[in-house]
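Colleague: Any chance you can model this:
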Amino acid sequence: MTATSIVWASAGSLSVVLLAMWLRLGATRAAGWAILSVFGQGASLSLIKAGPLVGYQHYRSVGDAMRERPVALAIAVLVLLAAASGGAGRRHAIAGWFAAGRRTWIVLFALAAGSVLAAAPSASATAYASELVFAATLQLAILACVACAAASLPDEFVGRLDDRLSRFLAPAPGGARLDRVAWTLAAFVTVTSAVLCLTSYQAVPHIPDEIAYLFQAGYFADGLPWVTAPPVPAAFDTFLLEVAGDRWYGVFPPGWPLVLALGVKLGVPFLVNPLLGGACVLLTYLFVQELGDRGTARLSAALLAFSPWHLTISMSFMSHALSLALALVTAIGATRACRTGSWRAALVAGLSLGVLGMSRPLEGVAVGLLAGVPILVSAIRSRRLGAVIGGGFGVLLTGGLGLAYNWLITGSPLVFPAERLFDREYGPGRYGIGFGPGKGVDWLGLDPFPGHGPIDVVVNTVLNGFMVNIDLFGWAAGSIAIVVLGFIGAPKGLHRLMAITLAVVVALHGAYWFSGGPDFGARYWYLIIVPCVVLAARALMTLGGEKRPSAGVRPIAAAVLLSISALAVFLPWRGADKYRTYRGIRPDFMTMKSDERFRDALILVRGRRHPEWAAATLANERQPGSSSAPVFAWDRDEKTRQALMAAFPTRTIWLVQGPSVESGPVRVIAGPVAPGSRSQLPPSSEAPRSPGQ
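Modeller: Numbering: from 1, shown residues only. Next up, the predicted model:
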């Protein structure tokens, strides 16, 4: 099935379920509005051009939509008209929810923020403006439909729901603890993201970073700091894998590969991130209870569990789920250390922060500021230094391991392997953090302006904000408005801390030239996902006023409808449209590895460095040629081919065209060719060497 077929099948199925459920409640009007919102999301997704290439999604032009998606365009227009003609009484009720306890400007600002981030910037200002107007209008129209659905629910049903919601959000006696709700949400994340990894992602890395991570985890699982360089380095040249003398290694810090190595050792590397994704839900539940209450913790954990952003990150081989888990452990430890002065809690926080620093260093700095400053202030006020000493010792212990790894690989504890690689490939200093004309590597479409200055900060912030708006909750009405509503005027305590955390993470990453690109949403901002869900939870709980915990029962019902639609329509669309064969990577080479035809073979892979050659990298043994398994090598030019034939003189040769978005599956071009008949091979074609692309 195509992604468009999946969208309409999902929207239709969900609409039938909603109709059956709400007709039993006598909520015919509510069912109509709900179904309209679901089909509005289906139309919106059908009109978007995203796909598995590296790039930001955009709406089709009106002309293209009329030619290619006339039905979707007609449904979108129907949603716009219906929203515009909704009953005045319903609109008054909706306005009452948003205005409860708030100034009008706050509500308008939140809606404006969501509207401004409804579309990604384009090279053409005119195209960007027209797309933004359409996207924002459709987003607001679907929000109106959802709100009308909630406002049309029968009062009797709302009363029953109010009682259940009150019990669900009620405070719990005792300290922070996990309960059945938390474990159920965590299990949902683990199972859903594992299924996504096996089906949509096909359990193989697709991004150059992931390929390097898994390669690194492979030799870490064998207890090695690197592997011996391959016999013909040019034939195994993979972005983010470095050959230095007789060493061959990944250039990333060791934190995440060490954790991923546990999955490699057990033969299930694809399960590591789904388990971490579930753990993040549990840790969020505990952390929010440390500073807030069980009701906020439950709603925040539910929003995190149902977040398409969290689910897709958790299906990947990227390092972000580990970073979030470590940040949450650090936060819990720091909170307890500040409250009790416990050096043990501070030690746990420090150990976790050190591991975060040797996984994603800039995120380690951000969390270190947010956790370390309160511990220091608390110690000064109480005149007890145990927590400071414990936290500092923990950071030095685990963080020092990361510096020792740098020294082992580069000869200096302060020089990262990735920094050295980028300096060599793009020029000294271009990779690091900071501003000026010498920053950035001019990746087409991902680094729009030379150097790094204020305009780059603005563009990167808008791009990441757009992706948060789309991917955070997957709501057809957008995700940003509800977060901004909780952000503005956040009270002291938990919500104020979340607002500060969000601001610190965004500000620190503004000093880096690269936004993170379109892979897995605003992934460089991923640590803001917990502040976002907490602030959104606060906004939902107070939309109807603050007289009782469940006063916002209708707004929460609207959020439930949006989340169900996101899981049933948006998530399958994202998995089918973008992440299956993302960046042209397919699992074909892993299948070839176990094919008896290719035993003791040298398989020459024709094509680009990525995706054709990159797709074959992980099918190799960690030491190519050390067993009867096939040796995959990049057929980059005639010189490299001749060197390969000399290095593997007894192997039967096959020539294949690697997978790509254009050519589809792996195709055998020639073979088997016996070692003595190599002249039968067609000549090698020069392959462009474009790092990471």
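
Colleague: For the rest of this, base every contact and every neighbour count on C-alpha atoms.
Modeller: OK.

Colleague: For residue 576, which non-adjacent residue is closest in space?
Modeller: Once flanking residues are discounted, residue 576 sits nearest to residue 3: 5.4 Å by Cα to Cα, 6 or more residues apart in numbering.

Colleague: Quick check on that neighbour: phi, psi?
Modeller: Phi and psi for residue 3, reported as degrees, to the nearest 10, are phi -60, psi -40.

Colleague: just for the stretch 251-400 of the chain, where's the confidence low?
Modeller: Along the stretch 251-400 of the chain, the model assigns pLDDT under 70 to no residue.

Colleague: What segments of it are helices?
Modeller: 255-266, 272-291, 294-305, 308-315, 320-340, 343-357, 361-382, 386-410 (DSSP state H, counting those that start in this stretch).

Colleague: helices or strands next to the first one in the packing?
Modeller: For helix 255-266, the elements it packs on are helix 208-221, judged by 3 or more Cα pairs under 8 Å, 6 or more residues apart in numbering; DSSP states H and E.

Colleague: Using PDB, write out every CA atom in the helix it packs on.
Modeller: Taking C-alpha atoms only, helix 208-221 is exported to PDB below (Å, rounded to 0.1, in the frame of the first residue of the first chain):
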ATOM      1  CA  PRO A 208      25.100   7.800   8.400                       C
ATOM      2  CA  ASP A 209      25.100   8.500  12.200                       C
ATOM      3  CA  GLU A 210      23.300   5.200  12.900                       C
ATOM      4  CA  ILE A 211      25.600   3.200  10.600                       C
ATOM      5  CA  ALA A 212      28.600   4.600  12.500                       C
ATOM      6  CA  TYR A 213      27.000   3.900  15.900                       C
ATOM      7  CA  LEU A 214      26.200   0.300  15.100                       C
ATOM      8  CA  PHE A 215      29.600  -0.300  13.600                       C
ATOM      9  CA  GLN A 216      31.200   1.100  16.800                       C
ATOM     10  CA  ALA A 217      28.800  -0.900  19.000                       C
ATOM     11  CA  GLY A 218      29.900  -4.000  17.100                       C
ATOM     12  CA  TYR A 219      33.500  -3.900  18.100                       C
ATOM     13  CA  PHE A 220      32.700  -2.600  21.500                       C
ATOM     14  CA  ALA A 221      30.600  -5.700  22.000                       C
END
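
Colleague: neighbouring contacts of the helix or strand following that helix?
Modeller: Using DSSP states H and E, the next helix or strand after helix 208-221 towards the C-terminus is strand 227-228. With contacts defined as Cα atoms under 8 Å, 6 or more residues apart in numbering, strand 227-228 is touched by 219, 246, 247, 248, 249, 622, 623.

Colleague: I'd assumed the fifth one was in a strand, is it?
Modeller: Yes. Note on residue 249: a strand contains this position according to DSSP: H, G, I helix; E, B strand; the rest coil.

Colleague: Now that it has come up, it's in contact with residue 230, right?
Modeller: No. Using Cα atoms under 8 Å, residue 249 makes no contact with residue 230, being 10.9 Å away.

Colleague: follow-up on the earlier one: count residues in the vicinity of the residue nearest to residue 576, would you?
Modeller: Residue 3: 18 surrounding residues under other Cα atoms under 10 Å.

Colleague: check contacts around it.
Modeller: Counting by Cα under 8 Å, 6+ apart, residue 3 has contacts 572, 573, 576, 577.

Colleague: sorry, back to before: what two of the contacts of strand 227-228 are the furthest from one another?
Modeller: 219 and 246 (14.9 Å; Cα to Cα).

Colleague: can you list the domain ranges for this structure.
Modeller: When the chain is parsed with automatic domain parsing, its domains come out as 3-173+553-583, 321-432, 586-680.

Colleague: Could you work out which of those domains reaches nearest to residue 273?
Modeller: From the domains of the chain, taking Cα to Cα, the stretch that ends up closest is domain 321-432, at 6.4 Å.

Colleague: which other helices and strands contact the longest helix along the chain?
Modeller: Across the chain, the helix with the greatest residue count (assigned by DSSP state H) is helix 125-151. Packing contacts for helix 125-151, counted by 3+ Cα pairs under 8 Å, 6+ apart, involve helix 28-46, strand 58-59, helix 70-84, helix 88-99, helix 104-116, helix 553-565.

Colleague: Out of the ones you listed, flag the one nearest residue 187.
Modeller: Residue 187 sits nearest to helix 553-565 of all these, at 17.3 Å, using Cα to Cα.

Colleague: and the closest one, how far out from the chain's middle?
Modeller: Computed by Cα atoms, centre = their mean, to the nearest Å, the separation of helix 553-565 from the middle of its chain amounts to 23 Å.

Colleague: before we move on, back to that, could you identify the buried members of the contacts of strand 227-228?
Modeller: Buried by 16 or more other Cα atoms under 10 Å: 219, 248, 249, 622, out of the contacts of strand 227-228.

Colleague: And the pLDDT at the first one?
Modeller: Read that as residue 219. Residue 219 carries a pLDDT value of 95.

Colleague: before we move on, back to that, looking at the domains of the chain, which is closest to residue 308?
Modeller: domain 3-173+553-583 (6.1 Å).

Colleague: can I assume residue 493 is in contact with residue 291?
Modeller: Yes. With contact defined as Cα under 8 Å, residue 493 reaches residue 291; the gap is 6.9 Å.

Colleague: neighbour-wise, which of these two wins?
Modeller: Higher neighbour count among residue 493 and residue 291: residue 291, with 18 against 10, using other Cα under 10 Å.

Colleague: Tell me who's in contact with that one.
Modeller: 335, 493, 494.

Colleague: repeat that for 6 Å
Modeller: residue 494 (Cα atoms under 6 Å, 6 or more residues apart in numbering).

Colleague: Then residue 369?
Modeller: Contacts of residue 369 by Cα under 6 Å, 6+ apart: none found.

Colleague: please renumber so the chain begins at 30
Modeller: Happy to do that; since the first residue is 30 now, the last one works out to residue 398.

Colleague: That one and residue 183, how far apart?
Modeller: 49 Å (Cα to Cα, to the nearest Å).

Colleague: Could you do residue 632 as well?
Modeller: Applying Cα to Cα to residue 632 and residue 183 gives a distance of 66 Å.

Colleague: what does residue 404 give?
Modeller: Counting by Cα to Cα, the gap from residue 404 to residue 183 is 50 Å.

Colleague: quick one, which of the two is more surrounded?
Modeller: Neighbours were counted for residue 404 and for residue 183 using other Cα under 10 Å; residue 404 has more, 24 against 16.

Colleague: surely the more buried one meets residue 367?
Modeller: Yes. Shown here, residue 404 and residue 367 form a contact pair, counting by Cα atoms under 6 Å, at 5.5 Å.

Colleague: Run a quick neighbour tally on residue 53.
Modeller: Count around residue 53 with other Cα under 10 Å applied: 9.

Colleague: typed the wrong thing, it's residue 666
Modeller: 17.

Colleague: Could you do residue 203 as well?
Modeller: Using other Cα under 10 Å, residue 203 is surrounded by 6 other residues.

Colleague: And the one 4 residues further on, by the same measure?
Modeller: Look at residue 207: counted by other Cα under 10 Å, it has 14 neighbours.

Colleague: Surely it is in a helix?
Modeller: No. Per three-state DSSP, residue 207 lies outside any helix segment and is coil.

Colleague: Phi and psi next, for it.
Modeller: Dihedral angles for residue 207 - degrees, to the nearest 10 - are phi -90, psi 150.

Colleague: in a strand, that's where residue 634 is, yeah?
Modeller: Yes. The assignment for residue 634 (three-state DSSP) places it in a strand.

Colleague: can you pull up the bridge partners for it?
Modeller: residue 663, residue 685 (DSSP bridges).

Colleague: Please tell me I have it right and it contacts residue 663.
Modeller: Yes. Shown here, residue 634 and residue 663 form a contact pair, counting by Cα under 6 Å, at 4.9 Å.

Colleague: Spit out the contact partners of residue 139.
Modeller: 510, 513, 514.

Colleague: check contacts around the first one.
Modeller: This means residue 510. Contacts of residue 510 (Cα under 6 Å, 6+ apart): 139, 140, 143.
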